[in-house]
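**Q** what follows is a protein structure lacking sequence information:
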């Protein structure tokens, strides 16, 4: 554990060093002077500093003015992770391709940007060996071999890629050797690393969209699903065969086994699956999986604690909206938005519909509270990436949504929407409701783009969360908030001890297993924190949003609180530990086994 007096001093010194040494260049990059003069101070003012920061390479994805096939519409995800373990989050942006790319043009690749610690990033893609090209889709992060270095999994229309982090700034494609590349015929989309059996080795969930073949794909106007508001457009998923999702079990030796059938993941058939978010929604100590699905019911895989899953979305109230209607789900995000200690789910959807907020009732069910929460006003935009994040550190998770239509024809044929759309920023009012503050939240929010992936992270290690966005056929965005507050925060990097199993018997309803373990990066660990009358809960999570992976250091805004009453970590091993005297406005690295053991309220 790094949290004693010496290390707290180190963190305070680090924060002071950041403020003194980096403040001038960061102010230049962030454009503090861009705030309107003599105007009331807004809650947020986001500006896009991507080009100034060095994120200039465009995301290539299908046609610009027209899109003939659905493969040209889905776009790509982004990841924020510290690939070189220097303590500063780096950025990975998945790239795609196009149907008519000229042979004379260099094929587009994904891009890895190294954080230079001064507000800028350097493109290290070539050096890192991440130069694959193709129809890239999603990305998720996890240390699958527990060597202390975060690895990358990138989904494609075609073969997926597992990049092993070599620990020297380079990556190696080990997909075939590891057994996770797929058949080459599937359309991989969202993904997440998740230790579903709690053996200390990260498994891998992959959501597949549709079975698609360019040779036989229908063209715009060919059938009913290829016409939208009277105009011929690319054919949506309806009418195309749905693909089955895949779950890979980590064998602990660098290889994986496809356990989709054995785990019953494949029984949730007939869905057009997109993004993946993991959460222990029923708080039984076992990770569950939510999948947002296009034009079909969402999936909620309940972990049966015996290596199998059951889709309980319908009975749990998370499959449809409050009208009992399936929506066109794109992205999803998880947080305890109302401070009741239960993890809730938010999902973006197609235009002419609302996004959906599922409130966790704490009894295995959810309620659609979209309208009571004030989130039913925006129906014009087509949502993709979404993330809960506390942009003002007031202690209540806010919401950022990025949007963009799939039909370029909405512009040329005036179909009531625009292809490029602004973002939406909702401020959490702290009473179960949200307020749309987009119009006053700065050009980073109001500027229209055709956006897809979204990841959130503390890129500057100063407690301020920023957003990285993948924009179709344009450069990415890096949004920073120019508004400073006096609110406090705390963030955690958790380190599991995968070599030290902890006894924790199963419940009586499941087969007994003597030991569980925690993976090195502690994915699935739950943090429960109390400060005054407030309860804070979240988990270490891979994947989520739309095909993206946010900074896995868990961040909490604290408002005016300057002291924590308690911090408890429930590790996947079953060990529950308490950590005391943790300073606010600092990062803390907490290692499993270094806290004070707490007897769990019930055996898991």
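**A** Yes, it's here. It should be emphasised that the depicted structure is a prediction, and the values quoted were computed from it without experimental measurement.

**Q** name the residue closest to the centre of this structure, please.
**A** Averaging the C-alpha coordinates of the chain gives a centre point, and the residue nearest to it by C-alpha atoms, centre = their mean is residue 544 (3.0 Å).

**Q** contacts only, for that residue.
**A** By C-beta atoms under 8 Å, 6 or more residues apart in numbering, the residues touching residue 544 are 192, 275, 276, 277, 278, 332, 333, 334, 387, 550. C-beta: built from backbone N, CA, C; applies to glycine.

**Q** same check, this time on residue 187
**A** The neighbours of residue 187, taking C-beta under 8 Å, 6+ apart as the test, are 71, 137, 157, 208, 209, 210, 211, 212, 243.

**Q** now those in a markdown table, with neighbour count, distance to residue 554 and secondary structure?
**A** Listed next are the contacts of residue 187 as a markdown table, based on neighbours: other C-beta atoms under 10 Å; distance: C-beta to C-beta, whole Å; DSSP: H, G, I helix; E, B strand; the rest coil:
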| residue | neighbour count | distance to residue 554 | secondary structure |
| --- | --- | --- | --- |
| 71 | 22 | 35 | helix |
| 137 | 31 | 26 | strand |
| 157 | 24 | 32 | strand |
| 208 | 24 | 29 | strand |
| 209 | 27 | 29 | coil |
| 210 | 24 | 34 | strand |
| 211 | 13 | 37 | coil |
| 212 | 19 | 37 | coil |
| 243 | 22 | 32 | coil |
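
**Q** low-confidence stretches in the stretch 351-500 of the chain?
**A** Along the stretch 351-500 of the chain, segments meeting pLDDT under 70 span 499-500.

**Q** again, but for the chain
**A** 1-39, 102-104, 499-514, 600-604.

**Q** how about 50 then?
**A** Counting by pLDDT under 50, the chain shows low-confidence ranges at 1-25, 27-28, 31-33, 500-514, 601-604.

**Q** mind jotting down where the helices sit in the protein?
**A** Counting by DSSP state H, residue ranges of the helices within the chain are 5-17, 23-30, 50-53, 125-128, 175-178, 313-316, 409-412, 443-446.

**Q** list the buried ones in the fourth one?
**A** To tie it back to what came earlier, the one meant is helix 125-128. 125, 128 (16 or more other C-beta atoms under 10 Å).

**Q** what does the fifth one give?
**A** The neighbour-count criterion (16+ other C-beta under 10 Å) identifies 175, 178 as the buried residues of helix 175-178.

**Q** packing partners of that helix?
**A** In this structure, helix 175-178 makes packing contacts with strand 161-165, judged by 3 or more C-beta pairs under 8 Å, 6 or more residues apart in numbering; DSSP states H and E.

**Q** contacts for the strand it packs on, please.
**A** Looking at strand 161-165 with C-beta under 8 Å, 6+ apart, the contacting residues turn out to be 83, 129-130, 132, 143-145, 147, 149-154, 171-175, 178, 180-181.

**Q** ditto for stretch 391-398
**A** Taking C-beta under 8 Å, 6+ apart as the criterion, the residues outside stretch 391-398 that touch it are 43-44, 335-337, 339, 388-390, 400, 425-430, 434, 463, 465, 481, 483, 485, 487-489, 534, 536, 556-559, 561.

**Q** what's the straight distance from one end of that stretch to the other?
**A** One end of stretch 391-398 to the other measures 7 Å (C-alpha to C-alpha, to the nearest Å).

**Q** please apply the same query to stretch 363-377.
**A** 29 Å.

**Q** please renumber the chain so that the first residue is 22 from this point on.
**A** Done: numbering now begins at 22, and the last item shifts to stretch 384-398.

**Q** which residues sit against that stretch?
**A** Outside of stretch 384-398, the residues that reach it under the criterion C-beta under 8 Å, 6+ apart are 302-303, 333, 336-339, 342-343, 358, 365-366, 375-382, 420, 447, 450, 453-457.

**Q** returning to what we had before: residue 470: which of the contacts of residue 208 is nearest?
**A** Nearest to residue 470, judged by C-beta to C-beta, of the contacts of residue 208 is residue 158 at 18.6 Å.

**Q** can you select the buried ones from the contacts of stretch 412-419 in ChimeraX?
**A** For selection in ChimeraX, the members of the contacts of stretch 412-419 meeting the burial criterion (16+ other C-beta under 10 Å) are listed in this command:
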select :64,65,356,357,358,360,409,410,411,421,446,447,448,449,455,484,486,502,504,506,508,509,510,555,557,577,578,579,580,582
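
**Q** circling back to that earlier point, could you identify the most distant pair in the contacts of residue 208?
**A** Pairwise across the contacts of residue 208, and taking C-beta to C-beta, the largest span is found between 158 and 232, at 14.9 Å.

**Q** can you pull out the strands in the stretch 172-321 of the chain?
**A** Under the criterion DSSP state E, counting those that start in this stretch, the stretch 172-321 of the chain carries strands at the ranges 172-177, 182-186, 192-194, 209-215, 224-229, 248-249, 252-253, 267-271, 277-279, 294-300, 309-314, 320-324.

**Q** can you redo those as TSV with distance to residue 114?
**A** Rendered in TSV, the data for these read as follows (distance: least, C-beta to C-beta, whole Å):
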stretch	distance to residue 114
strand 172-177	11
strand 182-186	14
strand 192-194	15
strand 209-215	16
strand 224-229	20
strand 248-249	29
strand 252-253	32
strand 267-271	24
strand 277-279	25
strand 294-300	17
strand 309-314	21
strand 320-324	27
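
**Q** tell me which of these sits nearest to residue 260.
**A** Distances from residue 260 to each of the strands of the stretch 172-321 of the chain were compared using C-beta to C-beta; the shortest belongs to strand 248-249, at 11.7 Å.

**Q** so what are the sheet partners of the closest one and their directions?
**A** Strand 248-249 has its sheet partners listed here by DSSP bridges as strand 252-253 (antiparallel).

**Q** just the terminal-to-terminal distance for stretch 238-247.
**A** From its first residue to its last, stretch 238-247 covers 11 Å (C-alpha to C-alpha).

**Q** buried stuff in it?
**A** Within stretch 238-247, the residues that qualify as buried by neighbour count (16+ other C-beta under 10 Å) are 238, 241, 246, 247.

**Q** now for the third one: which residues touch it?
**A** Pointing back at residue 246 there. Remark: with contacts taken as C-beta under 8 Å, 6+ apart, residue 246 is in contact with 256, 257, 258, 259, 260.

**Q** report the spatially closest residue to it, excluding sequence-adjacent ones.
**A** In this structure, residue 246 finds its nearest non-sequential neighbour in residue 259, 4.2 Å apart by C-beta to C-beta, 6 or more residues apart in numbering.

**Q** just give me the neighbour total for that neighbour.
**A** Other residues near residue 259 number 16, with proximity taken as other C-beta atoms under 10 Å.
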